[in-house]
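Peer 1: everything below, folded, please.
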Amino acid sequence: MGSDPADILRDPARLAALAETGLPDAPPEEAFDRLTRLAIRLTGARMAMLSLVDGERQFFMSHAGLPDDLARERQTPVSTSVCAHVVVSGEPLVAGDTSLDARLRDNPLVTGLGVRAYAGVPVSTPDGHVLGSFCVGDLAPREWSAADVAGLADLAALASAEIEARRARAGRERTNRVLRDTEAWFRSLVEQSIAGIYVFQDEAFRYVNPRFAQIFGRPEADFAVPGIVGRMVHPDDLAMVEENIRRRVEGEIPTLRYGSRGVRPDGSVVHVEVHGRRAEVDGRPAVIGVAIDVSERVRAEQEREAAVAARDRFFAMASHELRTPISTVMLYNELLLSGAYDPVSEEQREAIDRSQKSARHLLDLINDVLDLSRLEAGKLHARTEAVEVAALVQSVCADLEPLALGRGCELRVDVPAGPLPLVGDAGRIRQVLLNLLSNAVKFGAGRPVGVRCAPGEGGVEIEVRDHGSGIAPADLPRIFEDFVQLGNGDGDGEDAGTGLGLPVARRLAELLGGRLEVESVVGEGSTFRFVVPDGSAGG
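Peer 2: Purely as a prediction, here's the structure:
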C-alpha cells in the first residue's frame, strides 16, 4: 500500500460517509442479522460478522456465532481488528490458516478466540469508501472455495445496499430537518420583519406578512381578494402602481423601486417605498418584494420644507424691512459725523460713532444670515467669469489696510509677480477673503498678518496667517458652526463679529467647488487655507 494504514482508517471523507449511515452504535437490525445467519449456512463457518470500522474501533453491526462476552460488547479496538486489513486494502482477505499469515497470526482475536480461518469482503459505498467488512471465521484451518468467496461477496453487496439505503434515508432526514429548520427560521424572520413583505400573483396577494397588513391597516385575508390593489392604493398613484406591476410580471424589467401612497380603510393615507422583483412561483410569474412605511419621513420632510419656506419668507421680510431702516440710521449717523447739521462735540462724536458701529454690526449680521439661508436653500449660485486672483488679493488687502493699521498690525502680501488667472466667481472669492482677513486682523493681537496666494491643486491656494492667541484643538471644529464665537483676542466686545462669518465662508468655498481649512497652534496663531478650483478645468 502507498499510504499509512492509520491515515486510510482516519480519512475524513470515509469517516463522514460512515457517520452518515447512522449505524455505529445502532441496535441490531433483522435485515443485517439475516445476512450473517445466511453466511454461516452458505459457508459452514463457525461465526459471521458485519463489521464497521472507524479510526479507533470496529463495531459489529451484526454477528452470529460470537462468544457471549464479545457479542455483548459488539466492538473491539481497531488494533485488534482483522477486518481493518480489509478496509485498508479495499480488497477481500482470505486466509485458510491464520497462523501462516503474518498479518493475522499475532492478532488477539486470532490467538484469543482461536480463529484459524478467515474470509472477509469489503463493504463499500457507491462512491468507493470502504466502511467495513462482511466476514466469516472458523476455529480450524480450512480451504475457502470460490463459491464461499462469491457467496460472501454477494452478501457483502446486499449489506452495502442496505447500508446505502440507510445512508440515503439519513441524508434525506437531515435535509428535511435542515429544510424544516430553515423554513422555521425564515418564517420567523419574515413574520417579525419591520418591513412589509409580500408575494403578488394573479391580481391578488398570495402572501403578506403581518407588518404589510399593519401598514395598510387591513386583515391579512383581505389581500387575497382579486382587485385589492385598486382599494389599497391612492387613486392618484393607482395607474403608476398597476403599470409597475405589469412591467415586472411581463418581464419588461426584473426589479423596480418606487414610492407611492396607500389608503387605509379609515381613509388615512400612508406613504410607502416599494421594492419588488419578478419571480416564478408554481411556474407562473409573480412579484416578490417589500414595502416600507415612510410616512414619518415624508411628514418630517414636509414639515422641514414648510419651515424652510417660512424661514425664507422671514428672511425676505428681514431683507427689506430691517436693512432699509438700518441703512437710514447709518446715513444719518454719517451726516451727523460730517457736521452737515451742526458741529458735534467729541463726546457726541464718540456716541454717534458707537451707534454707527452697532448699526454696521447689525447690518453685517443680517447680511450673513441672508447669505447662510440662501446657501442652505440652494438659492445662492456662483457666477462663472475670468478672475485674476493675484490682483484680487491685492485689492482686498488694500481695502482692509485702514482696519489693519487701526489695529496696529501690518499686512504682508505675498503674490506672484505675474498674473494668476482662473475661471470662478470674483465676488464670492472676495467675500471669503474679506472674512478671513477681517478675522485675522481682529484676532491677530496687533501682530503682522500674512497673505499668500500661489497655484495649487488645479486652481489657486490662498493662505491667511495671523500670530494671535490661536485656537485650541477642541475648538477647531466649532469655529465653522453657526453663531459660535470663541471670544479669543481683541475681537471681544462690540465688533466681535456675528458668529456666522466663518460658516458662511466655508459654505461659499464649497459652493465654488473648493474648500476652507484651518491649522492653529495655541499661542502662535492660526492659518486659514482657501483652495479655489479653476472652473475652466471641468470643461
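Peer 1: quick one: low-confidence parts of the stretch 151-300 of the chain?
Peer 2: The model of the stretch 151-300 of the chain has no residue with pLDDT under 70.
Peer 1: let's see that with 90 instead.
Peer 2: Along the stretch 151-300 of the chain, the parts satisfying pLDDT under 90 run over 165-194, 203, 249-256, 276, 281.
Peer 1: strands along that one, start to end?
Peer 2: 196-201, 204-208, 255-263, 269-281, 284-293 (DSSP state E, counting those that start in this stretch).
Peer 1: make JSON lines from the ones you listed and add mean neighbour count to it.
Peer 2: Bear in mind the C-beta positions are built from the backbone N, C-alpha and C, glycine included. Converted to JSON lines, these look like this (neighbours: other C-beta atoms under 10 Å):
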{"stretch": "strand 196-201", "mean neighbour count": "20"}
{"stretch": "strand 204-208", "mean neighbour count": "19"}
{"stretch": "strand 255-263", "mean neighbour count": "16"}
{"stretch": "strand 269-281", "mean neighbour count": "17"}
{"stretch": "strand 284-293", "mean neighbour count": "19"}
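Peer 1: which other residues reach stretch 238-256?
Peer 2: 200, 229-230, 233, 258, 260, 274-278, 285-287 (C-beta atoms under 8 Å, 6 or more residues apart in numbering).
Peer 1: can I get the strands of the stretch 151-300 of the chain in CSV with distance to L238?
Peer 2: Formatted as CSV, these follow (distance: least, C-beta to C-beta, whole Å):
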stretch, distance to L238
strand 196-201, 15
strand 204-208, 16
strand 255-263, 9
strand 269-281, 13
strand 284-293, 15
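Peer 1: among those strands, which comes closest to L18?
Peer 2: Closest to L18 of the strands of the stretch 151-300 of the chain, according to C-beta to C-beta: strand 269-281, at 39.9 Å.
Peer 1: which elements pack onto that closest one?
Peer 2: Applying 3 or more C-beta pairs under 8 Å, 6 or more residues apart in numbering; DSSP states H and E, we find strand 269-281 packed against strand 196-201, helix 210-216, helix 235-249, strand 255-263, strand 284-293, helix 295-321.
Peer 1: can you state the direction angle for the third one and strand 284-293?
Peer 2: Right, the one you point to is helix 235-249. Going by axes from the mean of the first three to the mean of the last three C-alpha atoms, to 10 degrees, helix 235-249 is angled at 140 degrees with respect to strand 284-293.
Peer 1: buried residues in helix 235-249?
Peer 2: 237-238, 241, 244-245, 248-249 (16 or more other C-beta atoms under 10 Å).
Peer 1: before we move on, the earlier item: between the strands of the stretch 151-300 of the chain, which gets nearest to L512?
Peer 2: Between L512 and these, the shortest gap by C-beta to C-beta is with strand 255-263, which sits at 33.9 Å.
Peer 1: so V88 sits against D4, correct?
Peer 2: No: with contact defined as C-beta atoms under 8 Å, V88 does not count as touching D4 (9.3 Å).
Peer 1: so which of these two has more stuff around it?
Peer 2: When V88 and D4 are compared for neighbours, V88 comes out ahead with 20 against 10, by other C-beta atoms under 10 Å.
Peer 1: can you lay out the helices and strands packed on strand 269-281 as a markdown table showing distance to R105?
Peer 2: Shown next, in a markdown table, are these (distance: least, C-beta to C-beta, whole Å):
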| stretch | distance to R105 |
| --- | --- |
| strand 196-201 | 71 |
| helix 210-216 | 74 |
| helix 235-249 | 77 |
| strand 255-263 | 73 |
| strand 284-293 | 70 |
| helix 295-321 | 85 |
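Peer 1: select, out of these, the one closest to S160.
Peer 2: Taking the helices and strands packed on strand 269-281 one by one with C-beta to C-beta, strand 284-293 is closest: 44.1 Å.
Peer 1: what is that closest one packed up against?
Peer 2: On the basis of 3+ C-beta pairs under 8 Å, 6+ apart, strand 284-293 makes packing contacts with strand 196-201, helix 210-216, helix 235-249, strand 269-281.
Peer 1: all helices of the stretch 51-200 of the chain, in order?
Peer 2: Secondary structure of the stretch 51-200 of the chain (DSSP state H, counting those that start in this stretch): helices at 68-73, 83-89, 108-113, 146-192.
Peer 1: next one: the last one to chain centre, how far?
Peer 2: In terms of C-alpha atoms, centre = their mean, to the nearest Å, the gap separating the centre of helix 146-192 from the centre of its chain is 39 Å.
Peer 1: same question for stretch 24-36.
Peer 2: 54 Å.
Peer 1: tally up the residues packed near R354, please.
Peer 2: Number of residues near R354 (other C-beta under 10 Å) recorded here: 12.
Peer 1: phi, psi of it?
Peer 2: Main-chain torsions, R354, degrees, to the nearest 10: phi -60, psi -40.
Peer 1: before we move on, the earlier item: tabulate the buried residues of helix 235-249 (CSV), appending distance to L420.
Peer 2: Listed next are the buried residues of helix 235-249 as CSV, based on distance: C-beta to C-beta, whole Å:
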residue, distance to L420
D237, 55
L238, 60
V241, 57
N244, 54
I245, 60
R248, 57
V249, 62
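Peer 1: and the residues you listed, which is closest to R447?
Peer 2: Relative to R447, the closest of these is D237; by C-beta to C-beta it sits at 65.5 Å.
Peer 1: for V274, see how far away the closest one is.
Peer 2: Applying C-beta to C-beta, to the nearest Å, one obtains 10 Å for the distance of D237 from V274.
Peer 1: give me the common contacts of the two.
Peer 2: Common contact partners of D237 and V274 (C-beta under 8 Å, 6+ apart): S260.
Peer 1: for the stretch 1-150 of the chain, just list every one of the strands.
Peer 2: 47-53, 57-64, 75-77, 93-95, 117-124, 130-138.
Peer 1: how about JSON lines for these, with distance to R478, mean pLDDT and mean neighbour count added?
Peer 2: What follows is the strands of the stretch 1-150 of the chain, written out as JSON lines (distance: least, C-beta to C-beta, whole Å; pLDDT from 0 to 100; neighbours: other C-beta atoms under 10 Å):
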{"stretch": "strand 47-53", "distance to R478": "76", "mean pLDDT": "95", "mean neighbour count": "26"}
{"stretch": "strand 57-64", "distance to R478": "74", "mean pLDDT": "94", "mean neighbour count": "22"}
{"stretch": "strand 75-77", "distance to R478": "77", "mean pLDDT": "92", "mean neighbour count": "16"}
{"stretch": "strand 93-95", "distance to R478": "87", "mean pLDDT": "95", "mean neighbour count": "21"}
{"stretch": "strand 117-124", "distance to R478": "77", "mean pLDDT": "95", "mean neighbour count": "25"}
{"stretch": "strand 130-138", "distance to R478": "74", "mean pLDDT": "95", "mean neighbour count": "27"}
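Peer 1: between V88 and D4, which contacts overlap?
Peer 2: By C-beta under 8 Å, 6+ apart, V88 and D4 have no common neighbours.
Peer 1: and the pLDDT at the closest residue to E519 other than its chain neighbours?
Peer 2: Leaving aside its sequence neighbours, E519 sits nearest to T527 (C-beta to C-beta, 6 or more residues apart in numbering; 4.9 Å). T527 carries a pLDDT value of 92.
Peer 1: T527 reaches V464, doesn't it?
Peer 2: Yes: judged on C-beta under 8 Å, T527 makes contact with V464 at a distance of 7.2 Å.
Peer 1: neighbour count for these two, which is higher?
Peer 2: The residue with more neighbours, out of T527 and V464, is V464; 28 against 17, by other C-beta under 10 Å.
Peer 1: that's a helix at the more buried one, yeah?
Peer 2: No: counting by DSSP: H, G, I helix; E, B strand; the rest coil, one finds V464 to be strand, located in no helix.
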